[in-house]
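Peer 1: All I have is the shape, not the residue letters:
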């Protein structure tokens with residue numbers, strides 16, 4: 001990240017490209033996991049060309065200029081004023097190593113054992129906690145991590161993206177097959193919990209977690 005919020009994009013074999021935050025202006029529609037959101041495109045056409053060439057498909061790089069207006073958290077689980085940017089549905093996702101170990105032990109006993117063990121990266125968490133019991137996070141409603149306090153609105157229902165191996169792009173049956181047998185609640189296949197920050201601050205590797213409620 002650059003001062004003011006800009007970024008530098010880089011990739012092997014390519015010259016980096018600097019992308020400043022675009023000035024307020026005309027927006028274009030975007031779809032973020034089913035949510036319709038108005039966004040501001042990067043100003044330099046070369047940025048879109050760089051991204052399109054790298055991904056081998058026509059794309060545009062866009063900026064969410066005002067999440068307070070553009071994208072509130074799901075009102076079924078949100079408190080007034082809670083917002084999210086381009087994340088799936090909530091600002092952060094928390095998982096635990098104990099739950100992944102338990103899940104992998106269940107995968108190893110199932111019909112698709114050859115797909116395991118699964119890495120934590122399949123679940124794309126922002127925060128990974130060690131030292132808990134498996135599935136302990138299911139019962140949390142408020143936690144502190146270091147200097148920050150978070151509300152835990154609900155467990156995270158997982159989608160088919162988790163079945164794709166990020167290294168090979170191959171799609172399998174796990175973890176959804178095993179989650180469907182052991183972690184299906186109300187039609188959702190659960191792994192991890194969503195977090196909404198209640199105070200500003202910085203998270204650091206090694207920060208302690210305390211369960212408040």
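Peer 2: Everything's here; your move. In this text the structure is predicted, and so the values were computed from the model without any measurement.
Peer 1: Strands along this structure, start to end?
Peer 2: 7-11, 14-19, 28-32, 35-41, 62-63, 92-96, 127-129, 142-145, 148-151, 155-157, 184-185, 188-197, 209-211 (DSSP state E).
Peer 1: Between those, which one is closest to residue 86.
Peer 2: strand 28-32 (5.9 Å; CB to CB). To be clear about C-beta, it is placed using only N, CA and C from the backbone, and glycine gets the same treatment.
Peer 1: can you tell me how far residue 95 sits from residue 66?
Peer 2: The gap separating residue 95 from residue 66 is 30 Å, by CB to CB, to the nearest Å.
Peer 1: neighbour-wise, which of these two wins?
Peer 2: residue 95 (22 against 12; other CB atoms under 10 Å).
Peer 1: and that one, what are its bridge partners?
Peer 2: residue 128 (DSSP bridges).
Peer 1: what about residue 199, neighbour count?
Peer 2: Neighbourhood size, residue 199 [other CB under 10 Å]: 9.
Peer 1: ok, now which ones touch the closest residue in space to it that isn't next to it in sequence?
Peer 2: In space, and not counting its chain neighbours, residue 199 is closest to residue 149: 5.1 Å by CB to CB, 6 or more residues apart in numbering. Neighbouring residues of residue 149 by CB atoms under 8 Å, 6 or more residues apart in numbering: 142, 143, 197, 198, 199, 212.
Peer 1: among these, who's most crowded?
Peer 2: residue 143 (21 neighbours).
Peer 1: list the contacts for that residue?
Peer 2: Neighbours of residue 143 in contact, by CB under 8 Å, 6+ apart: 94, 149, 150, 152, 195, 209, 210, 211, 212.
Peer 1: Would you mind listing which of the residues you listed are buried?
Peer 2: Neighbour-count burial (16 or more other CB atoms under 10 Å) is assigned, among the contacts of residue 143, to 94, 150, 152, 195, 209.
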